[in-house]
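K.L.:
Here you go, sequence then predicted model.
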Amino acid sequence: MSWLFPRARRTCIVPEDQRIHWPYVVPFALVHVVAVAGVLRVGVSWRALVLCAGMYYVRMFGLAVGYHRYFAHRTFRTSRVGQFLLALLATTAAQKGPLWWAGHHRNHHRHSDTELDVHSPSQRGFWWAHVGWIFCQKYDATDFDVIKDFAKYPELRWLDKYALLPPVLLAVGLWLSFSWVGLFWGFFFSTVVLWHGSFTVNSLMHVWGSRRYLTPDTSRNNWPLVFVTLGENWHNNHHHYQASASQGFFWWEIDFGYYGIKVLSWLGLVWDVRTPPKRVIDGGGSITAA
């Protein structure tokens, strides 16, 4: 259980700017309370479950393909309008703006599982990697220096600054369209599940799963989570070769995010989709994590 509370971090004094800022926790906790109370109030129905699942997967696609594979890693190309729409879709997931998200993710890859990693289970424990780091004042600001290639677009800077606007408008739209079921199941409950589903990439996939490639970090492939993350679960593959739009390197590694990118490429909406060359796929040993 050392990955939950690493010994080194239990015995040291954490600097003030790297501690949890509790006022940031309040709105996060309130969303959880509203989600649970709301769904208990309106009850369970097939309509509610379908709406919840639909809003979960549409926004997970925005995170996996937009924030992650496009903005953080540039694994394909699209138009200026296309990149704004991808950013807008992902922003409805209420995980801050595209520049903030992609900038911190790039820093994560630069310093994976070292003391400079913003969310490493091996450095500060599972729960810090899963959710604690987002309550830290040190990581509240957007690192524009590491995301200069996209920070030059004023519309992305605007979206990054007003990142709360799209999820609020989505919540209002769901309420107007589907009444309280839309608000509580379609927005609040699906948002909470989406948060924790996407957070597993930072936490669970660095402590549990298999390692095909001997990367210098602790990344794991975790096939049971394919339906949770739409293909982000092939995390060891991704750390081995970050430039690939496909994170499932073999035909049996289901990657719904990549399938969506391929459809968009057939429609001419994205292009120059990058995949791993054979030498990359064949590289490294095959070991099983403890």
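P.N.:
Cool, the structure landed. Just so it is clear, the structure is predicted and the values come from calculations on it, not from any experiment. Residues are numbered from 1 along each chain as shown.
K.L.:
ok, the residue nearest to residue 218 when sequence neighbours are not counted to residue 200 distance?
P.N.:
For residue 218, ignoring the flanking residues on the chain, the nearest one in space by C-beta to C-beta, 6 or more residues apart in numbering is residue 206 at 4.7 Å. The way it works is simple: take the backbone N, C-alpha and C, and place the C-beta from them, glycine included. Separation of residue 206 from residue 200 (C-beta to C-beta, to the nearest Å): 10 Å.
K.L.:
list the contacts for residue 165?
P.N.:
By C-beta atoms under 8 Å, 6 or more residues apart in numbering, residue 165 lies in contact with nothing.
K.L.:
before we move on, back to that, let me know the pLDDT of the residue nearest to residue 218.
P.N.:
On the pLDDT scale, residue 206 is placed at 95.
K.L.:
Pretty sure it sits against residue 125.
P.N.:
No - applying C-beta atoms under 8 Å as the test, residue 206 and residue 125 come out as separate, 11.2 Å apart.
K.L.:
Between these two, tell me which one has more neighbours.
P.N.:
Applying other C-beta atoms under 10 Å to residue 206 and residue 125 shows that residue 206 carries more neighbours, namely 29 against 20.
K.L.:
which residues touch the more buried one?
P.N.:
113, 120, 121, 122, 129, 217, 218, 219, 220, 235.
K.L.:
same question, residue 96
P.N.:
Contact partners of residue 96, counting by C-beta under 8 Å, 6+ apart, are 160, 163.
K.L.:
quick one, phi/psi of it?
P.N.:
Here is the backbone geometry of residue 96 (degrees, to the nearest 10): phi 70, psi -170.
K.L.:
Okay, helices next: where are they in the stretch 51-200 of the chain?
P.N.:
Applying DSSP state H, counting those that start in this stretch to the stretch 51-200 of the chain gives helices spanning 80-91, 98-110, 121-124, 126-130, 148-151, 154-161, 165-181, 190-199.
K.L.:
Out of these, flag the one nearest residue 267.
P.N.:
helix 80-91 (10.6 Å; C-beta to C-beta).
K.L.:
which strands and helices sit next to that closest one?
P.N.:
Under the contact definition 3 or more C-beta pairs under 8 Å, 6 or more residues apart in numbering; DSSP states H and E, helix 80-91 sits against helix 46-61, helix 98-110, helix 154-161, helix 165-181.
K.L.:
Which SSE is immediately downstream of the helix or strand of the chain with the lowest mean pLDDT?
P.N.:
Least confident helix or strand of the chain, by mean pLDDT, DSSP states H and E, is helix 7-10 with a mean of 46. The helix or strand immediately downstream of helix 7-10 is helix 22-42, counting by DSSP states H and E.
K.L.:
check contacts around residue 172.
P.N.:
Here residue 172 is in contact with no residue (C-beta under 8 Å, 6+ apart).
K.L.:
what about 10 Å?
P.N.:
182, 183, 187 (C-beta atoms under 10 Å, 6 or more residues apart in numbering).
K.L.:
Of all the helices and strands packed on helix 80-91, which one is nearest residue 256?
P.N.:
For the helices and strands packed on helix 80-91, the distance to residue 256 is smallest for helix 46-61, at 7.6 Å, taking C-beta to C-beta.
K.L.:
Could you list the buried residues of the closest one?
P.N.:
Neighbour-count burial for helix 46-61, counted by 16 or more other C-beta atoms under 10 Å, picks out 48, 51, 52, 55, 56, 57, 59, 60, 61.
K.L.:
do the same with stretch 155-168
P.N.:
Using 16+ other C-beta under 10 Å as the test for burial, stretch 155-168 gives 156, 157, 159, 160, 163, 166, 167.
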